[in-house]
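> Build me a structure from this.
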Amino acid sequence: MNFKKILFVGALAWLSASAFAQDKPQIQFYGFVRNYYTYDSRACKSGTAELYNYLPLDVNDNGQGQDLNAVPTAKWSSLTSRLGVDVKGYNYKDYSFSAKIEADFYSGLSGVTGTAAFRLRQAYFDITAPKGLRLRLGQAWHPLAADIPDCIALETAVPFGPFHRTPQVNLLWPASSKWSINAVASWQVQYTSAGPEGASANYQKYSRTPELFASANYSHKGFTARLGVDMLSISPRVMTASKLLVNERLNTFMGFAYLQYKKGLFSIKAKSLLAQAGEHMNMLGGYGVSTINEDGSWEYTPTLTSSSWLSASYGKEYKVSFFAGYLKCFGTMDELVPVEGSDSLADAAAHWLCKSAYPNVNSAFRLTPTLSWNPGRFTLALEYQLTAAQYGAYASLTDSKGTVHKQCVNLHGLATDNLHWVYNHRIQLMTKFTF
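Predicted coordinates:
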């Protein structure tokens with residue numbers, strides 16, 4: 001081989017290596033180690049070592065004037081530490097590709113006992129066209145839950161706002177420099193609807209219908225606004241207790257509005273939702289049976305709940321934040337089927353299938369001030385959380401078989417009698433190192 005051939009082969013190899021290097025994606029690892037100290041003044045409905053807080057439990061009187069749920073607790077949890085990988089820099093023709101895989105130590109505990117398992121949070125990739133049209137495929141935050149308030153609480157806005165990640169096909173179209181349209185089809189995996197089998201993704205699977213979301217988004221000079229709607233279709237049962245196939249379906253809707261303004265170190269956010277059911281979003285809601293047909297099939301009616309939150313923050317190294325949330329339950333849209341054989345329509349307990357938290361919650365609110373110190377990659381934060389739930393009295397009803405039911409409070413599953421407030425005072429100290 002002469003010198004020219006050697007030079008040609010060497011140049012060809014160099015060009016191939018250069019092309020391969022330009023085609024190789026860039027990989028960046030990230031994550032954090034996080035710890036929580038938590039004090040609660042009473043027992044609460046919560047999850048994940050009691051870090052994920054919903055509402056304080058109702059009064060449980062032992063008959064001697066003692067509330068068995070008025071027991072304070074304190075704990076230290078080294079959980080929710082996270083690992084993630086961002087991938088970017090790959091292009092094919094005029095299309096750019098990026099991806100994310102994210103996991104943390106979270107699930108797998110029983111109460112506050114055990115060792116957290118390493119579980120998947122997000123795993124998706126994006127394809128972006130030359131004019132900005134973006135297609136996202138994989139598990140990511142549901143766009144209804146992507147707006148996070150300024151607080152350190154693990155549950156963020158729950159139950160005053162949605163919390164949901166899901167496998168999805170997500171299309172974002174930037175119609176102009178200010179406006180964009182978002183359309184999403186998603187399927188349940190981790191956060192699921194409730195029903196006759198308990199919480200399960202089967203109800204959406206049998207419906208053969210993805211959850212559908214659409215929103216219009218506006219962003220200009222620090223101001224962001226979103227307005228949208230979400231629709232879920234589920235089939236709570238495919239057969240009766242006597243093994244007869246039935247065709248059942250429940251369609252529910254959520255409408256929402258979101259506003260945000262940022263300028264310098266100041267930020268303010270607000271979100272309001274009107275939701276039917278919504279328990280798969282970790283919100284307060286559910287559904288029940290409204291009609292029993294002659295063929296054994298059931299018709300369903302969802303709850304209606306209004307929920308809103310407001311969040312404001314100022315600062316960077318030294319940061320102060322405030323969160324306020326409020327929700328109001330309106331009961332089911334239609335009347336529930338009463339207990340079979342009863343002489344009274346005061347209770348619909350027999351066919352109240354599901355509801356997040358407890359059926360006798362009428363309304364709730366939360367107030368949360370937060371102070372944080374953020375010197376570089378380290379964060380030390382102190383947060384006080386006042387959460388209050390307004391409960392009503394259950395109505396006992398005995399059916400024709402002598403069974404006593406206390407699952408519901410009236411034909412619309414709404415607590416209206418003997419309303420009373422229950423409060424929990426939570427203090428959280430968080431340490432976090434980000435890398």
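
> From now on I want contacts and neighbour counts done on CA atoms only, so please keep to that.
OK.

> Tell me who's in contact with T73.
Y39, D40, S41, R42, A43 (CA atoms under 8 Å, 6 or more residues apart in numbering).

> err, L135, not the other one
Per CA under 8 Å, 6+ apart, neighbours of L135: D126, I127, T128, V169, N170, L171, L172.

> still on that earlier bit, put together TSV for the contacts of T73, with secondary structure, distance to N202 and neighbour count on each row.
Output for the contacts of T73, formatted as TSV (DSSP: H, G, I helix; E, B strand; the rest coil; distance: CA to CA, whole Å; neighbours: other CA atoms under 10 Å):
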residue	secondary structure	distance to N202	neighbour count
Y39	strand	37	18
D40	strand	35	21
S41	coil	38	17
R42	coil	35	21
A43	coil	32	19
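
> Need the max-distance pair from the contacts of L135.
Spatial extent of the contacts of L135 (CA to CA) is set by the pair T128 and V169 at 13.6 Å.

> separation between the nearest residue to V71 once chain neighbours are set aside and A415?
Distances taken as CA to CA, 6 or more residues apart in numbering place R42 nearest to V71, at 4.8 Å, with adjacent residues excluded. Distance, R42 to A415, by CA to CA, to the nearest Å: 22 Å.

> swap in V33?
For V33, the distance to A415 - CA to CA - is 42 Å.

> from the middle of its chain, how far away would stretch 64-76 be?
Distance, stretch centre to chain centre, for stretch 64-76: 28 Å (CA atoms, centre = their mean, to the nearest Å).

> distance between the ends of that stretch?
33 Å.

> so what's the residue nearest the centre of the chain up against?
In the chain, the C-alpha nearest the mean C-alpha coordinate belongs to F163, at 1.3 Å (CA atoms, centre = their mean). Listed by CA under 8 Å, 6+ apart, the contact partners of F163 are A145, E155, T156, A157, M281, N282, M283.

> Tabulate those (a markdown table), appending neighbour count and secondary structure.
Compiled in a markdown table, those are given as follows (neighbours: other CA atoms under 10 Å; DSSP: H, G, I helix; E, B strand; the rest coil):
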| residue | neighbour count | secondary structure |
| --- | --- | --- |
| A145 | 14 | helix |
| E155 | 18 | coil |
| T156 | 19 | coil |
| A157 | 28 | coil |
| M281 | 22 | helix |
| N282 | 22 | coil |
| M283 | 25 | coil |
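
> between these, which is nearest V189?
M281 (11.8 Å).

> Spatially nearest residue to the closest one, not counting backbone neighbours?
P162 (4.9 Å).

> residues contacting the one you found?
Taking CA under 8 Å, 6+ apart, one finds L144, A145, M281, N282, M283 in contact with P162.

> phi, psi of it?
phi -80, psi 150 (degrees, to the nearest 10).

> Restrict stretch 250-265 to CA atoms and write it as CSV.
Only the C-alpha atoms of stretch 250-265 are listed here, as CSV (Å, rounded to 0.1, in the frame of the first residue of the first chain):
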residue,chain,number,x,y,z
LEU,A,250,-68.0,5.7,33.6
ASN,A,251,-66.7,8.9,32.0
THR,A,252,-65.3,11.6,34.2
PHE,A,253,-64.0,15.1,33.5
MET,A,254,-61.7,17.7,35.1
GLY,A,255,-61.3,21.3,34.1
PHE,A,256,-58.5,23.5,35.4
ALA,A,257,-56.9,26.9,35.2
TYR,A,258,-53.3,27.7,36.2
LEU,A,259,-51.6,31.1,36.5
GLN,A,260,-48.0,32.0,37.3
TYR,A,261,-45.9,35.1,37.4
LYS,A,262,-42.1,35.3,38.0
LYS,A,263,-39.9,38.3,38.3
GLY,A,264,-36.4,38.3,39.7
LEU,A,265,-36.5,36.4,43.0
